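Peer 1: Generate a structure from the sequence data that follows.
(one chain, ligands or ions: 2)
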Amino acid sequence: MQYVSTRGEAPNLGFIDTLLTGLARDGGLYVPKSWPHFSKKEIRALRGKSYEEIAFAVLSPFVDGEIDDADLKRMIGEAYATFRHPAVAPLVQTGANAFILELFHGTTLAFKDVAMQLLARLMDHALEVRGERSTIVGATSGDTGGAAIDAFGGRDRTDIFILFPHGKVSPVQQRQMTTSAHANVHAIAVRGTFDDCQDLVKAMFNDVKFRDRMQLAGVNSINWARIMAQIVYYFTAAISLGGPDRKISFTVPTGNFGDIFAGYVAKRMGLPIGKLVIATNDNDILARTLKTGRYEMRGVAATTSPSMDIQISSNFERLLFEVHDRDAGKVRRLMESLKQSQAFEIEKDALAAITRDFKAGKVTEKQVAKTIKETLEATGYLLDPHTAVGVHVAAKHEKPNAPMVTLATAHPAKFPAAVKSACGIDPALPSWLADLMQREERYEVLDADIETVESFIARHARISS
Ligand SMILES: Cc1ncc(COP(=O)(O)O)c(C=O)c1O
Ligand SMILES: N[C@@H](CCOP(=O)(O)O)C(=O)O
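Peer 2: Ligands and ions are numbered 1, 2, ... in the order given. The predicted model follows:
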């Protein structure tokens, strides 16, 4: 399997190179040259299999023999052994056609663990085989950072630098990043927004000299392997609800568009998915884009679902590539317009292709709190604010006799203040995190300035010594 850049000017790469590269050298994102396809018969054959077995079946065509099957199976097994639920990603029914896919049973209580635990093992394996080291840089609005630090902390072949927006993540999220005891972990609070952090990460990748000197690698969803690992739970959920002989729809609390793009890929691979519904908080750039065809940045609003407080939804570029029939020139022009004027227009045909597969809805802060309270009263189920955004939008898109699955992207205990204020319950952290708020913090506060951040990384990455 070869991987191509959405901007068409970077070399095509195999799986391992794509895994270790992160952002393409032309600023684009890698996608597989073609989508692997599963027939209905092949999907039916996955019924009754474990999460790990389905993961191996779904991921193999993307890895395409670049890692031995036995090693891949071992890494999948180890990654999901860290999960506290035997099903890894269990489904809970909350209404006649309403289901919640719990993706928060990993170590840091967010869906990011699903991909990150595997990604760390895949990267470690690839670096060991090649005898190389990497400097990982990542941007987080709260959850990617904690998951990456947990997965990469203490690994010999990597140093990890995570940029988060100073004062804009929840206290639990912050401490998951700042209390690591591992010397290879560096948490950086950036004076700015998540978009500033993401811009800095992209700027470091686009600084070819720095990128090569530091052997940069990425763990955000710019890294194809992150998306790849997230495809699996669309398969497990759909199969357990009667797929492929029944269409299943999914609603996804969305920020950087990685999670829902994984659902789109599952559909392209032959999984019968009805609609993919984008659920946004007040930062509703994607909902506005689907309505008007104009992607237009405005200021970021702080919400109770801070992990979705995003304007530049980086994986939307992968969808733009698909709906423009993989015309990289068109993608380059749209991205240039975004850089120059903070906006771009989507042509009519491309927009029609997007709205064939995707719907979208926005949820206000009041509605988030109301959804948490009402869901608890009606079903006894406690939602986190991100999942509440999803549940609110899902209810508007449910159809009789058609299962609608909302992705539960975080555990309520990551956002206790918002949950308590919505419904009066103070959700407790699980035992392995019970002393989190008493652990000592270690982090750096830096300006959102590329030279400042690069020089901090150059001084601390073991690669430069
Ligand atoms: C809890 C939670 N929900 C939803 C999202 C949005 O996911 P994505 O960025 O893949 O759209 C994030 C951040 O990525 C998150 O941390
Ligand atoms: N919400 C994310 C933002 C980064 O998203 P990613 O999927 O590209 O890593 C977070 O929690 O950090």
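Peer 1: buried stuff in the helix ranked longest in the chain?
Peer 2: For the chain, the helix reaching the highest residue count under DSSP state H is reported as helix 112-130. Using 16 or more other Cβ atoms under 10 Å as the test for burial, helix 112-130 gives 112-127. (Each C-beta comes from the backbone N, C-alpha and C, glycine too.)
Peer 1: Same question for stretch 438-445.
Peer 2: Within stretch 438-445, the residues that qualify as buried by neighbour count (16+ other Cβ under 10 Å) are residue 443.
Peer 1: quick one: the residue of the stretch 301-450 of the chain found nearest ligand 2 and residue 412, what's the gap?
Peer 2: With Cβ to the nearest ligand atom, the shortest gap between the stretch 301-450 of the chain and ligand 2 falls at residue 307, namely 3.8 Å. With distances taken as Cβ to Cβ, to the nearest Å, residue 307 is found 13 Å from residue 412.
Peer 1: With residue 350 instead?
Peer 2: Counting by Cβ to Cβ, the gap from residue 350 to residue 412 is 38 Å.
Peer 1: and the residue nearest to residue 181 when sequence neighbours are not counted, what pLDDT?
Peer 2: In space, not counting the residues next to it along the chain, residue 181 is nearest to residue 153; the distance is 7.8 Å by Cβ to Cβ, 6 or more residues apart in numbering. Each residue has a pLDDT score; the one for residue 153 is 97.
Peer 1: May I ask you to confirm that residue 153 is in contact with residue 179?
Peer 2: No. Checked against Cβ atoms under 8 Å, the pair residue 153 and residue 179 is beyond contact range at 10.5 Å.
Peer 1: Near ligand 1, which residues of the stretch 51-200 of the chain are found?
Peer 2: Within reach of ligand 1 by Cβ under 6 Å from any ligand atom, the stretch 51-200 of the chain has these residues: 110, 142-143.
Peer 1: Dump these to TSV, plus pLDDT, distance to residue 417 and neighbour count.
Peer 2: Putting these into TSV (pLDDT from 0 to 100; distance: Cβ to Cβ, whole Å; neighbours: other Cβ atoms under 10 Å) gives the following:
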residue	pLDDT	distance to residue 417	neighbour count
110	98	17	26
142	94	13	29
143	97	16	29
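Peer 1: Keep the residues you listed, but drop any that are not near ligand 2.
Peer 2: The subset of those within reach of ligand 2, by Cβ under 6 Å from any ligand atom, is 142-143.
Peer 1: nearest to ligand 2, of the residues of the stretch 51-200 of the chain next to ligand 1?
Peer 2: Where those are concerned, and distances follow Cβ to the nearest ligand atom, ligand 2 has its nearest neighbour in residue 143, at 3.3 Å.
Peer 1: would you list every one of the strands in the stretch 301-450 of the chain?
Peer 2: When assigned using DSSP state E, counting those that start in this stretch, the strands of the stretch 301-450 of the chain occupy the ranges 343-345, 358-362, 404-408, 444-447.
Peer 1: Could you tell me which residues of the chain lie near ligand 2?
Peer 2: Contact residues, the chain versus ligand 2 (Cβ under 6 Å from any ligand atom): 140-145, 220-221, 255-256, 258, 307.
Peer 1: Most neighbours among the residues you listed, which one is it?
Peer 2: Ranked by the number of neighbours (other Cβ atoms under 10 Å), the residues of the chain next to ligand 2 place residue 255 first, at 32 neighbours.
Peer 1: what about that one, distance to residue 427?
Peer 2: Note on residue 255: its distance to residue 427, by Cβ to Cβ, is 22 Å.
Peer 1: cool, residue 196 as well?
Peer 2: Residue 196 sits 30 Å away from residue 427, going by Cβ to Cβ.
Peer 1: for residue 147, same thing?
Peer 2: From residue 147 over to residue 427 (counting by Cβ to Cβ), the distance is 19 Å.
Peer 1: quick one, which of those two is more surrounded?
Peer 2: More neighbours surround residue 147 than the other of residue 147 and residue 427, with 29 against 16 (other Cβ under 10 Å).
Peer 1: My guess is that one contacts residue 112. True?
Peer 2: Yes. Applying Cβ under 8 Å, one finds residue 147 in contact with residue 112, separated by 3.5 Å.
Peer 1: where exactly do the helices run in the stretch 101-250 of the chain?
Peer 2: Counting by DSSP state H, counting those that start in this stretch, the stretch 101-250 of the chain has helices at residues 112-130, 143-152, 171-178, 194-206, 208-214, 224-240.
Peer 1: Of all the residues in the fifth one, which ones are buried?
Peer 2: It stands for helix 208-214. By neighbour count, with 16+ other Cβ under 10 Å as the criterion, the buried positions of helix 208-214 are 210-211, 214.
Peer 1: Low-confidence ranges, the chain, go.
Peer 2: Applying pLDDT under 70 to the chain picks out residues 464-465.
Peer 1: quick one: which of the buried residues of helix 208-214 is nearest to residue 159?
Peer 2: Set against residue 159, the nearest of the buried residues of helix 208-214 by Cβ to Cβ is residue 214 (8.9 Å).
Peer 1: so how far is residue 410 from the closest one?
Peer 2: Remark: distance between residue 214 and residue 410 (Cβ to Cβ) = 31 Å.
Peer 1: need the contact list for residue 51.
Peer 2: By Cβ atoms under 8 Å, 6 or more residues apart in numbering, residue 51 lies in contact with 80, 87-89, 232-233, 236.
Peer 1: Among these, which pair sits farthest apart?
Peer 2: The most widely separated members of the contacts of residue 51 are 87 and 232, with 12.4 Å between them, by Cβ to Cβ.
Peer 1: More neighbours: which of these two?
Peer 2: Of the pair residue 87 and residue 232, residue 232 is the one with more neighbours under other Cβ under 10 Å, namely 26 against 14.
Peer 1: doesn't residue 54 make contact with that one?
Peer 2: Yes. At 6.1 Å, residue 232 and residue 54 qualify as touching, with contact defined as Cβ under 8 Å.
Peer 1: And the residue of the stretch 101-250 of the chain closest to ligand 1?
Peer 2: Counting by Cβ to the nearest ligand atom, the stretch 101-250 of the chain gets nearest to ligand 1 through residue 143 (3.3 Å).
Peer 1: list the contacts for residue 253?
Peer 2: By Cβ under 8 Å, 6+ apart, the contact list for residue 253 reads 259, 279-280, 305, 308, 386-387, 389-390, 407, 409.
Peer 1: Next: residue 273.
Peer 2: The neighbourhood of residue 273, defined by Cβ under 8 Å, 6+ apart, consists of 234, 238, 247-250, 263, 266-267.
Peer 1: a markdown table for the residues you listed, including distance to residue 132 and neighbour count?
Peer 2: Formatted as a markdown table, the contacts of residue 273 follow (distance: Cβ to Cβ, whole Å; neighbours: other Cβ atoms under 10 Å):
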| residue | distance to residue 132 | neighbour count |
| --- | --- | --- |
| 234 | 32 | 30 |
| 238 | 38 | 26 |
| 247 | 44 | 18 |
| 248 | 41 | 24 |
| 249 | 42 | 22 |
| 250 | 37 | 29 |
| 263 | 33 | 28 |
| 266 | 32 | 26 |
| 267 | 35 | 20 |
